[in-house]
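Asker: build me a model:
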Amino acid sequence: MAHTVHSIAETLGLEAHGAVDLKITGVAEPALAGQDDLAFAGNPKYADALRQGQARAALLWQDADWRGLGLQAAILAPRPRFAMSGISRLFDAGPEIAPGVHPSALIDASARVGKGAAIGPFVSIGRDVEIGPRARIGAQCAIGEGCKIGADALLHPRVTLGARVEVGDRFIAQSGVVIGGDGFSFVTPEKSVTEEVRETLGQRGQTRPQAWARIHSLGNVVIGDDVEVGANTTIDRGTVRATTVGSGTKIDNLVQIGHNAQLGRDCLICAQSAVGGSARLGDRVVMGGRAGVSDNLLVGDDVVLGAAAVLLSNAPAGRTLLGYPAIKMDAQIEAYKNTRRLGRLFAQVAELREAVIRLGGKN
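Answerer: Got it, this is the predicted structure:
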């Protein structure tokens with residue numbers, strides 16, 4: 001796959017400079033770039049690395065002196081990292097899934113496969129499934145009965161969609177994703193110890209045997225358009241209503257979304273995060289790696305949870321929160337600074353105590 005510097009710039013809506021007809025076959029880091037690569041050097045700090053590599057063309061920051069860097073051609077971008085999004089899309093051919101339906105695929109007679117869809121080897125597609133046009137389903141995927149998959153969707157190998165899951169157009173799921181598994185929902189005949197400690201903030205009554213009865217998951221999962229889900233992430237079906245994920249939301253690897261949870265539009269959920277059952281996240285919520293939202297909480301629009309933050313109470317819109325339990329960022333940083341000063345403070349208190357004792361002894 002080769003593109004000229006001019007055609008790349010045109011795709012990005014940017015201007016190409018120099019030998020714009022140079023053929024580019026790949027993208028590389030500056031120091032590792034070959035003669036046919038486009039080096040990605042979006043910051044002046046990469047100037048020395050460019051000289052170590054062999055790139056003739058590069059994507060550079062807005063006012064870069066590309067000739068002074070020894071290049072024959074350049075694309076200058078006001079926001080290079082955003083430009084990289086378009087370049088990576090241009091050079092990414094995606095997984096190889098042959099057009100049509102592989103002979104080993106098992107497709108129920110009632111399923112409807114859209115025009116131009118590609119179904120890979122050993123795929124299982126259940127009753128009344130709808131697969132949109134140009135969707136691509138990788139090897140060994142399992143699609144449960146009643147599922148709906150939108151146009152141009154991409155399921156990498158070994159993705160599982162449970163019964164009645166609905167995903168929108170241009171949905172992407174990496175390998176190992178499981179959407180529509182049963183929610184983790186159990187109940188005891190009498191009030192459980194977990195209910196007691198929640199109500200009393202830790203006080204417990206007399207211990208007694210408890211057996212957990214399953215609450216079956218009758219709902220489904222509904223996912224909007226342009227959603228991406230990372231490898232080995234799980235999204236549980238709702239108990240009665242649907243678990244929902246809004247359009248444009250991006251979910252990283254190893255994330256757990258609990259039953260009945262509702263995620264808004266354009267959220268960003270990073271690796272190893274967890275959203276508890278029945279929690280509701282607004283639009284554009286960001287959860288850093290290993291962040292957590294407890295069950296039944298409300299998280300407002302534009303909330304940012306820092307890495308490893310754990311939210312135990314509702315969060316108003318626009319807050320930036322850190323720590324466990326998560327509190328406002330400035331308060332958490334101040335608390336952390338104070339914690340680091342404790343050793344010195346204890347030493348000072350000890351010195352003051354000794355001074356007071358000495359003064360008392362003189363009296």
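Asker: His156 against Gly138, yeah?
Answerer: Yes: His156 lies in contact with Gly138 (C-beta atoms under 8 Å); the separation is 4.8 Å. (C-beta placed from N, C-alpha, C; glycine too.)
Asker: identify the contacts common to those two.
Answerer: 95, 175 (C-beta atoms under 8 Å, 6 or more residues apart in numbering).
Asker: surely Ala117 touches Ala135?
Answerer: Yes: the pair Ala117 / Ala135 is scored as a contact, 4.7 Å apart, by C-beta under 8 Å.
Asker: who has more neighbours out of those two?
Answerer: Set Ala117 next to Ala135 and count neighbours by other C-beta atoms under 10 Å: Ala135 wins out with 25 against 22.
Asker: can you read off the pLDDT for Lys362?
Answerer: The model reports Lys362 with a pLDDT of 62.
Asker: which residue is the nearest non-sequential neighbour of Gly264?
Answerer: Asp283 (3.8 Å; C-beta to C-beta, 6 or more residues apart in numbering).
Asker: and the one you found, what is it in contact with?
Answerer: 246, 264-267, 301-302.
Asker: quick check, nearest of those to Thr4?
Answerer: Nearest to Thr4, judged by C-beta to C-beta, of these is Asp266 at 33.5 Å.
Asker: low-confidence ranges in this structure?
Answerer: Along the chain, segments meeting pLDDT under 70 span 361-363.
Asker: and the strands in the stretch 251-363 of the chain, which stretches?
Answerer: Here the stretch 251-363 of the chain has its strands, by DSSP state E, counting those that start in this stretch, at 256-257, 262-263, 268-269, 274-275, 280-281, 286-287, 292-293, 298-299, 304-305, 310-311, 320-322, 327-328.
Asker: out of those, deepest packed?
Answerer: strand 274-275 (a mean of 26; mean count of other C-beta atoms under 10 Å).
Asker: hmm, back to that, state the distance from the residue nearest to Gly264 to Gln203.
Answerer: 38 Å (C-beta to C-beta, to the nearest Å).
Asker: per-domain residue ranges of the chain.
Answerer: 3-91, 100-329, 337-362 (automatic domain parsing).
Asker: Val286 reaches Val303, doesn't it?
Answerer: Yes: assessed by C-beta under 8 Å, Val286 is found in contact with Val303 at 7.5 Å.
Asker: what about the closest residue to Gly238 other than its chain neighbours, neighbour count?
Answerer: Once flanking residues are discounted, Gly238 sits nearest to Gly219: 2.8 Å by C-beta to C-beta, 6+ apart. Residues within reach of Gly219, counting by other C-beta under 10 Å, total 19.
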